[in-house]
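S.K.: Model the structure of this input:
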Amino acid sequence: MLGNRLLKTALTSTVRRQQCLFRTTVARNSSGITRLGTEVLPTMSQAVVHNDIVYLSGQVDGTGEDVVAQTKNVLAKVDAYLEEAGTDKSKLLTSTIWLMNIERDFGAMNEVWCQWIDQNNKPVRATTEASLAAPNMLVEIQVTAAK
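M.R.: Predicted structure coming up:
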């Protein structure tokens, strides 16, 4: 009985975490800071809004089979968090992109980026190679946007 209850609790927790990916808790404090996506990971918010600037944490995806699929999935997350924060990619200010293997994946990632980006409102951008949090993660993208 106890084992079934623990299993049900674990499954419910996993489902809730997955459902909360884009329907996040909004935490506001007296200093005018709003935090979004605080329940996705225990260590950080997915987005923070302060003084009409939206700061996204680095977004990753370990489900896509290659850098093209992962980049598309990551940019979909970026779009969703920007929308939740009240802005969009046309108001991007900065972007940092980390690639697991820049020599192999830069061209493919950049092609997806160029199709996604608002051509009239390009942010400043840095792209570098880095060891990411898990070996199946090939790209991480962090952005900052105005509201």
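
S.K.: distance between the ends of stretch 38-48?
M.R.: Start and end residues of stretch 38-48 are separated by 10 Å (Cα to Cα, to the nearest Å).

S.K.: Can you give me the buried ones in that stretch?
M.R.: Judged by neighbour count using 16 or more other Cβ atoms under 10 Å, the buried positions of stretch 38-48 are 38-40, 45-48. C-beta: built from backbone N, CA, C; applies to glycine.

S.K.: ok, which stretches of the protein are helices?
M.R.: 2-19, 67-85, 102-116 (DSSP state H).

S.K.: relative to helix 102-116, how tilted is the longest one?
M.R.: Using axes from the mean of the first three to the mean of the last three Cα atoms, to 10 degrees, the inter-axis angle of helix 67-85 relative to helix 102-116 is 50 degrees.

S.K.: pLDDT (mean, whole number) over helix 67-85?
M.R.: On average, the pLDDT along helix 67-85 is 98.

S.K.: how about it as CSV, C-alpha atoms only?
M.R.: Taking C-alpha atoms only, helix 67-85 is exported to CSV below (Å, rounded to 0.1, in the frame of the first residue of the first chain):
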residue,chain,number,x,y,z
VAL,A,67,21.4,20.2,-33.1
VAL,A,68,18.7,21.3,-35.6
ALA,A,69,15.9,19.6,-33.6
GLN,A,70,17.2,20.8,-30.3
THR,A,71,17.6,24.4,-31.5
LYS,A,72,14.0,24.4,-32.7
ASN,A,73,12.8,23.0,-29.4
VAL,A,74,14.9,25.5,-27.4
LEU,A,75,13.6,28.4,-29.5
ALA,A,76,10.1,27.3,-28.9
LYS,A,77,10.7,27.4,-25.2
VAL,A,78,12.2,30.9,-25.6
ASP,A,79,9.1,32.0,-27.4
ALA,A,80,6.8,30.6,-24.8
TYR,A,81,8.7,32.2,-21.8
LEU,A,82,8.9,35.6,-23.6
GLU,A,83,5.2,35.5,-24.3
GLU,A,84,4.4,34.6,-20.7
ALA,A,85,6.6,37.5,-19.6
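
S.K.: Would you mind measuring from the residue nearest the centre of the chain to His50?
M.R.: Centroid-nearest residue in the chain, with Cα atoms, centre = their mean: Gln59, separated by 2.7 Å. According to Cβ to Cβ, to the nearest Å, Gln59 stands 19 Å off from His50.
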